[in-house]
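Visitor: below: sequence and its predicted model.
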Amino acid sequence: MTPKVWCIHNNEPSLKLVQDGFVSIGWEELGDLAELVSNKEALKTRLLDTFPDAKPGAIPGWAGTLRRFVLDMQIGDIVIAPNKSDRTLSLGTIAGDYYFDPSATLHPNRRKVTWHNTGIPRAQFSEKALYEIGSVLTVFAVKRHANEFAAALEPKSNLNAVEAEPATTATNAAVEDAETAEETPNASRVEEFTRDRLETILRTGLSPSEFEEFIAALLRAMGYYARVTSYSGDGGIDVIAHRDAFGLEGDIIKVQCKQTISPIGGPTVQALLGAVAEGEKALFVSLGGYTRDAEFLDRSKHALRLLRGTDLIDLLLRHYESLDDEWRQRIPMRRVYAVDVVSGSD
């Protein structure tokens, strides 16, 4: 039987899901869910008694979430765990039945997971697949792009995005509960889509030299004077920035730009430090992340800063209005308001 594919949104960064091998949901106030979820109407009544101030329509949705987590998810099913803090996905398989951890003060409702492929950059998946897993629900079955995520279960799988045929999905009841919420736009989903789209533009819509020009433009939008160095023989320095017009006052910042989502290692970062003179600062910009040895350099060298893809998108969104007209035309955005729909006590 083809395993189902599930996505679980966990908004508690303090939980070590990958290190400790589990996924979890909240609703701590309900206690052990093992017997409570067997009767859907009794579960709704318990939820209403426990959360009397719940918004209209929230109770049926919460009941569906709890039943999917405890009853519908089966051992061997595939689970996707998005990490909002570093914008990566981790993929694993359910390794055990539901259990309640009485020693856990946060998210005691858990399922054991064997993680197969962790910390995958979101950019390795299609935008449509990423939009599907942006559902407002805490626990839901992935239908339209299940095969794309299943193919990425092993680290060396082919991650070329395709329009996947739906894999076997959850029970009719679970699908019925989730259908509307999965399709409903919400503030979080719009934000994730915007960030995914910006990352795609920066990664595939610009040449390497244009990416360097963009970094210089962003630094100018932040109040620096910045210029791109010669594209050949630059010694690894792609952009030079400083606060005054002539670069004679304050620190000189030497920037290296990598238009990649692959982790940058310590030796590459150390090479940048080797090109920085006394009194100068080093800034490494990447669309991805960094290895542990590179992170150690970031912590131990006061003249060094590592800029990750998430940091770069944050700065772009924060300083967009100050960008040159050329770049606002190439990366068109406008300010909008979106209804912030929340999934509940997860």
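Guide: Yep, it's here. Residues are numbered from 1 along each chain as shown.

Visitor: C-alpha from now on. contacts and neighbour counts both.
Guide: Will do.

Visitor: so where do the helices sit in the stretch 101-250 of the chain?
Guide: Assigned by DSSP state H, counting those that start in this stretch, the helices in the stretch 101-250 of the chain fall at 127-132, 146-151, 172-183, 187-204, 208-221.

Visitor: which one of these lies nearest to Tyr98?
Guide: Closest to Tyr98 of those is helix 172-183 (C-alpha to C-alpha; 17.0 Å).

Visitor: pLDDT (mean, whole number) over that closest one?
Guide: Helix 172-183 shows a mean pLDDT of 45.

Visitor: could you do stretch 218-228 as well?
Guide: On average, the pLDDT along stretch 218-228 is 96.

Visitor: can I get that stretch as PDB, trimmed to CA atoms?
Guide: Extracted as PDB, the C-alpha positions of stretch 218-228 are listed here (Å, rounded to 0.1, in the frame of the first residue of the first chain):
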ATOM      1  CA  LEU A 218      20.500  46.400  -1.300                       C
ATOM      2  CA  LEU A 219      23.400  47.700   0.800                       C
ATOM      3  CA  ARG A 220      22.800  51.100  -0.800                       C
ATOM      4  CA  ALA A 221      19.200  50.900   0.200                       C
ATOM      5  CA  MET A 222      20.400  50.300   3.800                       C
ATOM      6  CA  GLY A 223      22.400  53.500   3.700                       C
ATOM      7  CA  TYR A 224      25.800  52.300   2.600                       C
ATOM      8  CA  TYR A 225      27.900  53.400  -0.400                       C
ATOM      9  CA  ALA A 226      28.500  50.100  -2.200                       C
ATOM     10  CA  ARG A 227      30.100  49.100  -5.500                       C
ATOM     11  CA  VAL A 228      30.800  45.900  -7.300                       C
END
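
Visitor: so where's the stretch 51-200 of the chain uncertain?
Guide: 156-186 (pLDDT under 70).

Visitor: kindly recompute the last result at 50.
Guide: 157-182 (pLDDT under 50).

Visitor: dump the helices of the stretch 101-250 of the chain to TSV, plus mean neighbour count and distance to Ala282.
Guide: Formatted as TSV, those follow (neighbours: other C-alpha atoms under 10 Å; distance: least, C-alpha to C-alpha, whole Å):
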stretch	mean neighbour count	distance to Ala282
helix 127-132	18	33
helix 146-151	21	37
helix 172-183	15	44
helix 187-204	17	22
helix 208-221	20	14
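
Visitor: Pro56: which of those helices is closest?
Guide: Checking the helices of the stretch 101-250 of the chain against Pro56 by C-alpha to C-alpha gives helix 172-183 as the closest, at 14.2 Å.

Visitor: turn the helices of the stretch 101-250 of the chain into a markdown table, columns for distance to Ile94.
Guide: Shown next, in a markdown table, are the helices of the stretch 101-250 of the chain (distance: least, C-alpha to C-alpha, whole Å):
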| stretch | distance to Ile94 |
| --- | --- |
| helix 127-132 | 21 |
| helix 146-151 | 13 |
| helix 172-183 | 18 |
| helix 187-204 | 26 |
| helix 208-221 | 40 |
